[in-house]
Every structure is written in structure tokens, then in C-alpha cells.
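Visitor: return atomic coordinates for the entry below.
(2 chains)
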Protein chains: 2
Amino acid sequence: MKLERVIQYAQTLLQMSVAEGDIAVDATAGNGHDTLFLANLVGDHGFVYAFDVQKEAVDATLHRLLDNALEHRAIVLRDGHENVAKYVNKTVSAAIFNLGYLPGSDHEVVTKPNTTIQSLESLLKLLKVGGMIVLVVYHGHEGGKEERDEVIRFVSNLPQKYIHVLRYEFINQKNDPPFIIALEKVKELPRDFENLF
Amino acid sequence: MKLERVIQYAQTLLQMSVAEGDIAVDATAGNGHDTLFLANLVGDHGFVYAFDVQKEAVDATLHRLLDNALEHRAIVLRDGHENVAKYVNKTVSAAIFNLGYLPGSDHEVVTKPNTTIQSLESLLKLLKVGGMIVLVVYHGHEGGKEERDEVIRFVSNLPQKYIHVLRYEFINQKNDPPFIIALEKVKELPRDFENLF
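Guide: Next comes the predicted model:
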């Protein structure tokens, strides 16, 4: 197949954006697949900050890093991604979000629009020019459509001079498959950027 | 910039889909840019069928081919793309549409939803497995939104088992910029495919 599926395309975007020595953020560590993927990309001189509010996700991510002997390349924080600026004060090359719930969990803990948007605001400031934020938007669960719509409203209003916002979606699939929103910073934000929201 | 702009991405998709010796279709020859692009991809053993209902478009496309000494690789037909099956009876690797009007013309002649969809139906049958149809959807002109919506309704209902339908769109840009719909055939269509529409 020539058209990359959603998960593949998310990884391609991260690969394009992260080089050895870079800082990357996994905003929703979940089962740790993306944290491990980023840990491989940043190399021994880079670093990954992974966030999750659920203990089982933090544990799964830590185990995945340990199993691959890459635990020194990442810190897994049990905190919400809206607090990213408390931990990260370096320029970030890429961040990834999986919006929705932890696969395999009870589906009661889900990402929420207000904290997702807070986190995006912080990450847009931390992001380097040429850096990328990738959102994999799952929206089939309860509250998923509301989050999807609020996030789309937010990103659709980001000024195109500074940030390109791409939606990449297969539109003939059943059962609310995930789609991608990719934000690329193309110009440094002005100091009063918050006023643009 | 890492995220390919719409025109770039359309060309990337064609490049992925067309090899030397292949047959390709430019469904809306317009000023001939895509016909020339395809003529370069198919090589001396392939061939391009280009369609346009406007004389000025046919002339511009022929001139562009002549200027590049590639006129032997293409035929430029002054006919509607809904008649593609009258001229093409070989397996097609890729086709491209620019929906809207001829740039620089009087904007009165525009592509129409019913003929666009007829052409898509014919091309989906002619397309090889792994082949791609790329639509660059301009929708800022009068009637553009109706065509956009009808085409999206049609492609959204194509069965995902046979055709993957991707929408690639920058969603924070002003002035109705074009977006892409890409159709990849992933499995040969059944004989009664028309009944699936």
C-alpha cells in the first residue's frame, strides 16, 4: 500500500522531525510504544519526556524501556501533559499525543479537551521552528467527538503564518478510525502569542 | 518545511504510483503542468492521456509538451473526462484531477460533480491494484462547495475493502485553499462493483 496508514504516518512524521541529540515528548505514554519509538530516535545524547496520569501506563512504559535497555533515554512522569512546562525547559523537536483512552484499560480515564489544549499551548511554545506535534485522534469512545471537535476548533484557529495544521484522515472507513492532526511550527511565535488564541 | 504542501504532495503521490512504461491520465489538462509531469514519469515506453473540454487548455498543454520535446508521450483530447473509457482500454497506474476552473481563464467553465463522478467510476475500473487517483479540490469558486460535497459523499461511500480514500488538508488556512483526496485501489473490484455505489 502506498498511502501510509495513520499509525505509520504518525511515525514517519516523528522520524522526519527528531534527530539524535534532540528532546521529544510523549504526551500520552500509554503502553509505551511511542516513548520507545522516540527513545530510539533521540539516541544517547537526546532525551524523551513521557507523561501519563495512569499508574499502569507509567509502569508499562518503564518496563518497555527496560526491556529494550533504553531507560536512560527517557523519564516517565506520572502527571498530566498539561504540566509539561513544569518539567521541560528545553527546545522540543517533536511531541506525540494519542487522544482517547489507554488501550486495554477500562476506558474510564480518557484525555480531555481542556488539558489537551493547555498542553498544546505549552508545547507550541517549547517547540523549535521545524518541530512537529502529532495528534492521533481516537474519537469513537464516549466524549471522543466532543474532544475531537474542541481540539479541531483550537488548531483551526492557529495562525498559519506560524503553524501549519494538517489533517490526514481516511474518510471511507467504518467504526470511527483514528485520524491525524499534525502541527508544524514554521516561524518563531511572537511574545504575545497567547493573545492570538 | 516537513509537511508537504498540497501541490507537492499530489506530485509525490503520482511519483509513488507511476513507473516507466505505465499508462497515466490527466483528467483536467488545464495549463499542462500535470500532463508534463506525468509524461516525464511514464518514459518513452509509457503513455499519458490528457483531457480538457477547453480549446485554450488543449493548446497550452500541447505547447508545453512540444516545448519539452515530449509530445510523443501523450495525447491531448478535447473531450470531457467522463468519456475516459472511450479512449483508454489499458490498465492505468495513476490519474489526476484538478477540480475547479482553468487558472487564468474566465472561471465560467468549471468541473461539475456528475461528470467528475462518472469519470471517477470509469477510472476506478481502469486502475490497477496499487494504482492511485489524486484529486486536487479547489472549492472557493461558485459551485465549488457543491462539487466538493458531492465528490466527498461519493468517495466516502467507496468500500474500504477495495479502495482507501485519504483526505489531506491544511485546516487553518484562509481563503478556501485546495485540499487533496487520494484514492488507492488495494484490491481488484468485483464485477458488480457498480451496484456498490
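Visitor: and the lengthiest strand in chain A, how far out from the chain middle?
Guide: In chain A, ranked by residue count with DSSP state E as the criterion, the top strand is strand A:127-137. Here strand A:127-137 is found 7 Å from its chain centre; the criterion is C-alpha atoms, centre = their mean, to the nearest Å.
Visitor: give the buried residues for that strand.
Guide: Applying a neighbour-count criterion of 16 or more other C-beta atoms under 10 Å in any protein chain shown, one finds A:127-128, A:131-137 buried in strand A:127-137. The way it works is simple: take the backbone N, C-alpha and C, and place the C-beta from them, glycine included.
Visitor: what residues does chain A put near chain B?
Guide: With C-beta under 8 Å from any C-beta of the partner chain as the criterion, chain A meets chain B at residues A:1-3, A:13, A:16-17, A:130, A:132, A:152, A:155-160, A:163-174, A:181-182, A:184, A:186.
Visitor: which of these fall within strands?
Guide: Using DSSP E, the subset of those located in strands is A:130, A:132, A:163-170, A:181-182, A:184.
Visitor: mind putting the residues you listed into a markdown table with distance to residue A:47?
Guide: Formatted as a markdown table, these follow (distance: C-beta to C-beta, whole Å):
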| residue | distance to residue A:47 |
| --- | --- |
| A:130 | 18 |
| A:132 | 17 |
| A:163 | 24 |
| A:164 | 26 |
| A:165 | 27 |
| A:166 | 27 |
| A:167 | 30 |
| A:168 | 28 |
| A:169 | 32 |
| A:170 | 34 |
| A:181 | 25 |
| A:182 | 22 |
| A:184 | 22 |
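Visitor: quick one: which two of those residues are the most distant?
Guide: Pairwise distances across these (C-beta to C-beta) peak at 27.1 Å, for the pair A:130 and A:170.
Visitor: in which helix or strand would I find residue A:44?
Guide: Assessed by DSSP states H and E, residue A:44 sits outside every helix and strand.
Visitor: tell me how many other residues crowd the spatially closest residue to it that is not a sequence neighbour.
Guide: Nearest residue to residue A:44, sequence neighbours excluded (C-beta to C-beta, 6 or more residues apart in numbering or on different chains): residue A:73, at 6.9 Å. Here the count is done by other C-beta atoms under 10 Å in any protein chain shown, and residue A:73 has 22 residues near it.
Visitor: repeat for residue A:19
Guide: Burial of residue A:19 is recorded as 13 neighbouring residues (other C-beta under 10 Å).
Visitor: list of residues touching stretch A:3-20?
Guide: Contacts to stretch A:3-20, defined as C-beta atoms under 8 Å, 6 or more residues apart in numbering or on different chains, come from residues A:24, A:34, A:37-38, A:41-46, A:93-94, A:96, A:130-132, A:134, A:136, A:168-170, A:177-180, A:182, B:2-3, B:13, B:132, B:164, B:166, B:182, B:184.
Visitor: hmm, back to that, mind putting the ones in strands among the residues of chain A next to chain B into CSV with pLDDT and distance to residue A:146?
Guide: Formatted as CSV, the entries for those read as follows, by pLDDT from 0 to 100; distance: C-beta to C-beta, whole Å:
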residue, pLDDT, distance to residue A:146
A:130, 98, 32
A:132, 98, 25
A:163, 97, 23
A:164, 98, 25
A:165, 98, 19
A:166, 98, 22
A:167, 98, 18
A:168, 98, 21
A:169, 98, 18
A:170, 98, 22
A:181, 98, 16
A:182, 98, 21
A:184, 98, 26
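Visitor: now, of the residues you listed, which are buried?
Guide: A:132, A:163-170, A:181-182, A:184.
Visitor: which one of the residues you listed is nearest chain B?
Guide: residue A:165 (4.1 Å; C-beta to the nearest C-beta).
Visitor: check contacts around the closest one.
Guide: Contacts of residue A:165 (C-beta under 8 Å, 6+ apart): A:155-156, A:158, A:181-183, B:170-172.
Visitor: if you set the cut-off to 7 Å instead, what comes out?
Guide: If a contact means C-beta atoms under 7 Å, 6 or more residues apart in numbering or on different chains, then residue A:165 has A:155-156, A:158, A:181, A:183, B:170-172 as its contacts.
Visitor: what is the nearest of the buried residues of strand A:127-137 to chain B?
Guide: Using C-beta to the nearest C-beta, the buried residues of strand A:127-137 come closest to chain B at residue A:132, 6.3 Å.
Visitor: just checking, that closest one touches residue A:180?
Guide: No - with contacts counted by C-beta atoms under 7 Å, residue A:132 stays clear of residue A:180, the gap being 10.9 Å.
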